[in-house]
Every structure is written in structure tokens, then in C-alpha cells.
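Asker: This is a predicted model, with the sequence first.
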Amino acid sequence: MCGEKVKQMRKVAVVAAASRQEEKMLDTEVEMMIPLITEVRTRTGLDQTDIGFTCSGSSDFLAGQAFSFVMTLDAVGPVPPIAESHVEMDGAWALYETWVKFQMGVIDTALVYSYGKPSPGSLQDVLSTQLDPYYVAPLWPDAHSVAALQARLLLEQGIITPDELADCALRTGTVESREDYFLQPLLADPLREADCPTYADGGVALILASEEKADELCERPAWITGIDHRIDAHHFGVRDLTAAPSARLAAKNAGAHDGPIDSTELHAAYTTHDLLLRKEMGLDIPKIPQRSYPIQADTLMASGLLRIAEAARSIWDGSANRTLAHATAGPLLQQNLVCVLDGGGD
């Protein structure tokens, strides 16, 4: 949805957010989400009867059981009955579905949440299940090895350099100096430990509101002025792994270049992804650092929605007026969503 067209559509804002990430939680998904959902409802003064739509994102593969999201609805509350939907995707896509619901004119408020708990099992194995079922998945490559294939192509073609990787690791806080980076052993050649994500259990909850409600619920709403998502081919053999055209197109359609961006929140779990996304979307190295980095703590199904929450927080605290949030899903940046937020509502 291009920025110019969105201005003609219904205004929607993020008015509250709550999140939590830890390396390993003993809480169940329900226990993890109850305080987060309670927090955003309390901040806005809403109870569930005031919320017109609820949408969530999670992974049955990660939970190890079908329709696992149904149990997590206990965190919302079984009474009263609610209008609800779910996506087997990162919560950023649940937010997109909710935004479309607003454009239909049927709701004025919504709750969006997502969560993931990789600690009970092997996330590296779970991620292999999303690969091509005929040619790639039977080889059972781990996620770091798949990312390393892309990294090797990027380095050999000169699209990124080892020094850029070191600088990115330093900026994201995975090393304390460039010297420390080059002293690290290779984890999946050519990637070092500082290039690769660590995983965390966690969740995030947001409240969205229409123009008629947002100013009542939040002192400075973070208005969604542009949002778009695109997808590249699934099979590695028909993709150029040194490019991310879906990210480039989503950024363009979301209006990322229609004005200055004060801060960016990228869902980049590898240093190579951070650098590639910035090149594809025409983004400079940020003057304001991200509030958190997936490379330090990546939560499957929640990291993308968390990027939108962090972008909104930059607007609420006044450190930025126009922010860009990015979410990705699938192997090697296959699917990309870009959301532009503005503190002025223009």
C-alpha cells in the first residue's frame, strides 16, 4: 500500500505496547501473555468488551501441537465471546490483518499479540521444516548453515565486506571491538558467533485504535502512515540470494522514502541480513540505534511485531517522529513487511 494511497484511507495508530524476552522461561505461553495483555489494556483503560477485534501470531510447529493458539486465548479471557483471528506467522502479519480490518470500517480498537518459546526444543531443526520439501528440507540443513550460504555469496560478490560485518556486530552489541570480532572462530563459515542470533522465549502485545479513539487512549499515538508486505520465491534455486526484492518493494510501497526516517527497527537476525536490508531499502546506518536487536535475542513469531512496538516507543518518548519497522519470515528474508509510523499523523 503506497504512502500516498494510505493517506486516503482510515488512520490507525499503535497506542500501547508491552513485551518480554528471556533466554528461557518456565512460564507457559498463557502465563507469559497474561501480564502483557493485561498491561496494554490497563494502559489504555480498555477491557476486553471495549476491544473490537483480537488477532494473534504464533507457530504450531514451535509449540509441537496443532491449534496451540486456541489454548493461549485463555490469556485474553474466555468471557465475553470475541471476534478473533490467528496467523501462522510473525505477529507483524497479524497486525497487517488487523489494519485491513480497520480499513473495512468494522472496528475502532484491536488487540494484536504474538509469542514464541524456542527453549524447549531445537529451533534450528524447526526452521528446517519451512524449506522446500523436495530438494532442501530432506538435507535437514540448520538455519546458520543456510544463512552462511547466502553470506558466502554476498562476500564473494563484494556486496558486503568482512569489515562491514565487523562494524555491524559492533553496532548491534554482539562484540565490544572489531578486534574481538575477527578473533572469534567461525560458527558456520563465513559467519562467526557474533553474526548469528541467540534465541529467546518471549511475547509482545499491542493495542491499535482508529482516529476516533486513538487520542483518547494515548498522549502521542504512533500513526501507521504506510504498511506493505511482499514475498519472494520459495525455492532457493530461482532466487538471487544476494538480493531481497520483496523488502525493497515493501519499503517503497509503504512510503519509506516519502520523508526522513528518524529511526529504523529491522528484524535482522544475522549481520548479513542487517546489511542487505539496508542496501535494498536504501537505509543509512541509523543515528538512533535500535532499542533491541534480534541478533541478540530472536523470538520466532514475535520479533517482527516487537520491531513495530519498539518503533512506536520511539515516537511515544519523543526520540523520533517518523520511524520504520521491518519484519521478516521464511528462509533468508523470503517474506518482508515494512510499517512506517509517524508521530504527527500526516
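Answerer: Looks like it came in fine. Numbering: from 1, shown residues only.

Asker: what number of residues lie near P185?
Answerer: For P185, the neighbour count with other CB atoms under 10 Å is 7. Using the backbone N, CA and C atoms, a C-beta is placed for each residue, glycine as well.

Asker: Residues in a beta bridge with the closest residue to it other than its chain neighbours, which ones?
Answerer: In this structure, P185 finds its nearest non-sequential neighbour in R192, 7.0 Å apart by CB to CB, 6 or more residues apart in numbering. Using DSSP bridges, the beta-bridge partners of R192 come out as L186.

Asker: thought R192 was touching Y181?
Answerer: Yes: the pair R192 and Y181 qualifies as a contact (CB atoms under 8 Å) at a distance of 6.7 Å.

Asker: joint contacts of these two?
Answerer: Listed as contacting both R192 and Y181 by CB atoms under 8 Å, 6 or more residues apart in numbering are L165, A169.

Asker: Give me the neighbour count for the residue nearest to P185.
Answerer: As a burial measure, R192 scores 23 neighbours (other CB under 10 Å).

Asker: I'd like to know how far it sits from D50.
Answerer: Taking CB to CB, to the nearest Å as the measure, R192 and D50 are separated by 49 Å.

Asker: The helix or strand harbouring I315 packs against which elements?
Answerer: Counting by DSSP states H and E, the secondary-structure element that holds I315 is helix 303-316. Packing contacts for helix 303-316, counted by 3 or more CB pairs under 8 Å, 6 or more residues apart in numbering; DSSP states H and E, involve strand 12-22, helix 91-103, strand 109-116, strand 201-210, strand 222-231, strand 263-265, strand 322-329, strand 335-342.

Asker: For those, give me CSV that also has distance to S246.
Answerer: Putting the helices and strands packed on helix 303-316 into CSV (distance: least, CB to CB, whole Å) gives the following:
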stretch, distance to S246
strand 12-22, 23
helix 91-103, 13
strand 109-116, 20
strand 201-210, 23
strand 222-231, 4
strand 263-265, 17
strand 322-329, 9
strand 335-342, 5
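
Asker: can you redo these as CSV with mean pLDDT?
Answerer: Shown next, in CSV, are the helices and strands packed on helix 303-316 (pLDDT from 0 to 100):
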stretch, mean pLDDT
strand 12-22, 97
helix 91-103, 98
strand 109-116, 97
strand 201-210, 97
strand 222-231, 98
strand 263-265, 95
strand 322-329, 97
strand 335-342, 98
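
Asker: okay, the ones you listed in a markdown table with mean neighbour count and distance to Q296 next?
Answerer: A markdown table is the format used below for the helices and strands packed on helix 303-316 (neighbours: other CB atoms under 10 Å; distance: least, CB to CB, whole Å):
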| stretch | mean neighbour count | distance to Q296 |
| --- | --- | --- |
| strand 12-22 | 24 | 9 |
| helix 91-103 | 23 | 19 |
| strand 109-116 | 28 | 15 |
| strand 201-210 | 27 | 12 |
| strand 222-231 | 24 | 23 |
| strand 263-265 | 26 | 13 |
| strand 322-329 | 27 | 16 |
| strand 335-342 | 27 | 21 |
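
Asker: So which of these is nearest E176?
Answerer: Closest of the helices and strands packed on helix 303-316 to E176 is strand 12-22, at 21.6 Å (criterion: CB to CB).

Asker: Direction-wise, compare the closest one with helix 91-103 and give the angle.
Answerer: Orientation check (axes from the mean of the first three to the mean of the last three CA atoms, to 10 degrees): strand 12-22 against helix 91-103 gives 160 degrees.

Asker: could I have strand 12-22 exported to PDB, CA atoms only?
Answerer: What follows is the C-alpha trace of strand 12-22 in PDB, where atoms were taken according to Å, rounded to 0.1, in the frame of the first residue of the first chain:
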ATOM      1  CA  VAL A  12      -4.900   3.700  12.500                       C
ATOM      2  CA  ALA A  13      -2.400   4.100  15.400                       C
ATOM      3  CA  VAL A  14      -0.500   2.000  17.800                       C
ATOM      4  CA  VAL A  15      -1.400   3.300  21.300                       C
ATOM      5  CA  ALA A  16       0.100   0.800  23.700                       C
ATOM      6  CA  ALA A  17       2.600  -2.000  23.800                       C
ATOM      7  CA  ALA A  18       4.100  -4.500  26.200                       C
ATOM      8  CA  SER A  19       6.800  -7.100  25.600                       C
ATOM      9  CA  ARG A  20       9.000  -9.600  27.400                       C
ATOM     10  CA  GLN A  21      12.000 -11.600  26.300                       C
ATOM     11  CA  GLU A  22      14.100 -14.000  28.300                       C
END
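
Asker: That strand pairs with which strands, and in what direction?
Answerer: Sheet pairing for strand 12-22, assigned by DSSP bridges, gives strand 201-210 (antiparallel), strand 222-231 (antiparallel).

Asker: Look up how far K101 lies from the residue most central in space within the chain.
Answerer: Of all residues in the chain, the one closest to the mean position by CA atoms, centre = their mean is G304, 0.8 Å from it. G304 is 19 Å from K101, where distance means CB to CB.

Asker: ok, L73 touching S85?
Answerer: No: distance between L73 and S85: 11.2 Å, which falls outside the contact criterion (CB under 8 Å).

Asker: what touches both of the two?
Answerer: Here L73 and S85 share the contacting residues S56, scored by CB under 8 Å, 6+ apart.
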